[in-house]
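S.K.: Next come a sequence and a model predicted from it.
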Amino acid sequence: MATVQIDNTTFQLLHFTLQWADNALINGHRLSEWCGHGPVLEQDIALSNIALDHIGQARSLYQYAASICNNFDSEIRQQLFASTALNQKISKGELIDEDDLAYLRDAWDFRNTLLVEQPNSDWAFTVARSFYFDTFNFFWLSSLQSSSDSVIAAIAEKSLKEVNYHLRWSSEWIIRLGDGTMESHQRIQDALNDRWSFTGELFQPTEADIAMLSMGVGVDLSRIKQQWLDRIHAVLNEATLIMPTSVWMQEGGKQTRHSEHLGYLLAEMQFMQRAYPNMQW
């Protein structure tokens, strides 16, 4: 197939939207794995509801991403993704929807950060991952409310109401574990130290981030990084925990280079759709 020139602005908007959507979907699925396994019933229900919030955000974003994709010419749409299952549908001239973007892409088409795909491990590791991501998400969405893209701004405004609760939930658990017993203190400190190396990628701008910022659509990641650090430090100080100091950071997820964990997650999440294509309830 001959290569067709793609409008770069719209192309970067698609990638920008998918980065955000993939973070929401993968984080939501990870949290959903606690359903029925939470330490107490109340927290089991709370975490399940938080997972649903993230998946709901992902759905809205995938709907927008699908509309962007469907507006491209058919030749261009066949160049957007590497996943065979999705390209087979596109090659037939069919339009794609939010379900296709969630269930028909393979790992090399996902643009989420490495942080959200890391395994739950134990409760402390889940809380630490949530705390880091919820804090980022709060400042990310707060900034996106002023986006020049009306769809992006509307999704951000709606999502921020949910993320306010997410951040309060994970912050309270950080304080509860850090200022609890000697064992809970050490467990959450170990988890925070371990997950710290995945936080740097949150603030590394991709081409899509840079392009959207220049157009007034995106977020200045360097600005919200300091806000993120200040909030993290304040909560850890209240929890009598030590701020990790490692400067080496993991990276690659936003450029579709993932850890082995994402492949296993997608195999579970996408099984029903792959086993029974186009099934309906």
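M.R.: Yep, that arrived.

S.K.: How are the helices of this structure distributed by residue range?
M.R.: Shown for the chain, the helices assigned by DSSP state H span residues 8-32, 41-70, 74-77, 84-91, 98-103, 114-117, 123-144, 150-178, 182-196, 207-214, 221-238, 260-269, 271-275.

S.K.: in the second one, what counts as buried?
M.R.: With burial defined by 16 or more other CB atoms under 10 Å, the residues of helix 41-70 counted as buried are 46-47, 50-51, 53-55, 57-69. For glycine as for every other residue, the C-beta is placed from the backbone atoms N, C-alpha and C.

S.K.: tell me the angle of that helix relative to helix 8-32?
M.R.: Between helix 41-70 and helix 8-32, the angle formed by their directions is 160 degrees, by axes from the mean of the first three to the mean of the last three CA atoms, to 10 degrees.

S.K.: now helix 41-70, how far from the chain's geometric center?
M.R.: Taking the mean of its C-alpha atoms, helix 41-70 sits 10 Å from the chain's own mean (CA atoms, centre = their mean, to the nearest Å).

S.K.: Check stretch 220-234 too.
M.R.: For stretch 220-234, the distance between its averaged C-alpha position and the chain's averaged C-alpha position is 18 Å (CA atoms, centre = their mean).

S.K.: Please apply the same query to stretch 97-114.
M.R.: In terms of CA atoms, centre = their mean, the gap separating the centre of stretch 97-114 from the centre of its chain is 11 Å.

S.K.: Same question for stretch 251-271.
M.R.: Average the C-alpha atoms of stretch 251-271, do the same for its chain, and the two points are 12 Å apart (CA atoms, centre = their mean).

S.K.: same check, this time on stretch 165-184
M.R.: The gap between the average C-alpha position of stretch 165-184 and the chain average comes to 22 Å, counting by CA atoms, centre = their mean.

S.K.: Show me what counts as buried in it.
M.R.: Buried residues in stretch 165-184, counted by 16+ other CB under 10 Å: 166-167, 169-171, 173-175, 177-178.

S.K.: And for that stretch, what's in contact with it?
M.R.: Contacts with stretch 165-184, where a contact means CB atoms under 8 Å, 6 or more residues apart in numbering, come from 46, 50, 53, 124, 127-128, 130-131, 134-135, 137-138, 185, 187-189, 192, 235-236, 238-241.
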